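A.B. asks: would you be able to build a 3D model of this:
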Amino acid sequence: MTLTRHGCNVLASALLFLGYGYSTVLNYFTREGFFAPHLPPRTLLVLLASLPVVLGLYYLIGRGKRWAQVLFVALYLLSLGVTAWQDTHRFPVPAFRGELQLVNEWGQLLLHGAAVVLILLSFFKQAPAQETTR
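C.D. replies: Residues are numbered from 1 along each chain as shown. I've put the predicted structure just below:
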């Protein structure tokens, strides 16, 4: 069985939603994100405002919207570049925050990376032929 363009998009979207849920559960246990004990109101507002944007983008990727796919791939690659730059230019090295945080970060990296691969595959798949009736 081979994946179609639509199948790649739906699977990528499912991985992204899975990653969001996975991260939310792990953030609960590590007390980060929405669950940080002393989260400033401004940060909470930014988190709440970005929630429908991020989830909407994941949904539109599953619906096959090309602009959403391109935007996500561009943001993912940009975030990898920024993270790599920060990790090589940050002194001193940040303290180890625990195994769950490490599992969260690597899990997100792998799930988002797999979604990017599926999105890139969908760019090169042929669209199904449209039936024309006269």
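
A.B. asks: which residues are contacting the lowest-mean-pLDDT helix or strand in the chain?
C.D. replies: Scoring the helices and strands of the chain by mean pLDDT, DSSP states H and E places helix 66-89 at the bottom, with a mean of 87. Among residues not part of helix 66-89, those counted as contacts by C-beta atoms under 8 Å, 6 or more residues apart in numbering are 9, 12, 16, 57, 60-61, 112-113, 115-116, 119-120, 122-123. Heads up, the C-betas are built off the backbone N, CA and C, glycines and all.

A.B. asks: could you rerun that using 7 Å?
C.D. replies: Contact with helix 66-89 is made by 57, 60-61, 112, 116, 119-120, as judged by C-beta atoms under 7 Å, 6 or more residues apart in numbering.

A.B. asks: now do stretch 10-25
C.D. replies: Residues contacting stretch 10-25 (C-beta under 7 Å, 6+ apart): 55, 58-59, 61-62, 104, 107-108, 111-112, 114-115, 118-119.

A.B. asks: which of the residues you listed fall in helices?
C.D. replies: 55, 58-59, 61-62, 104, 107-108, 111-112, 114-115, 118-119 (DSSP state H).

A.B. asks: and the residues you listed, which are buried?
C.D. replies: 58, 61-62, 104, 111-112, 114-115, 118-119 (16 or more other C-beta atoms under 10 Å).

A.B. asks: okay if I get the residues you listed as CSV plus pLDDT?
C.D. replies: Output for these, formatted as CSV (pLDDT from 0 to 100):
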residue, pLDDT
58, 96
61, 96
62, 94
104, 84
111, 93
112, 93
114, 95
115, 95
118, 94
119, 95
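
A.B. asks: and the residues you listed, which two are furthest apart?
C.D. replies: Pairwise distances across these peak at 23.2 Å for 62 and 104 (criterion: C-beta to C-beta).

A.B. asks: any idea how far residue 51 is from residue 62?
C.D. replies: Distance of residue 62 to residue 51, given as C-beta to C-beta, to the nearest Å: 17 Å.

A.B. asks: please apply the same query to residue 28.
C.D. replies: 15 Å.
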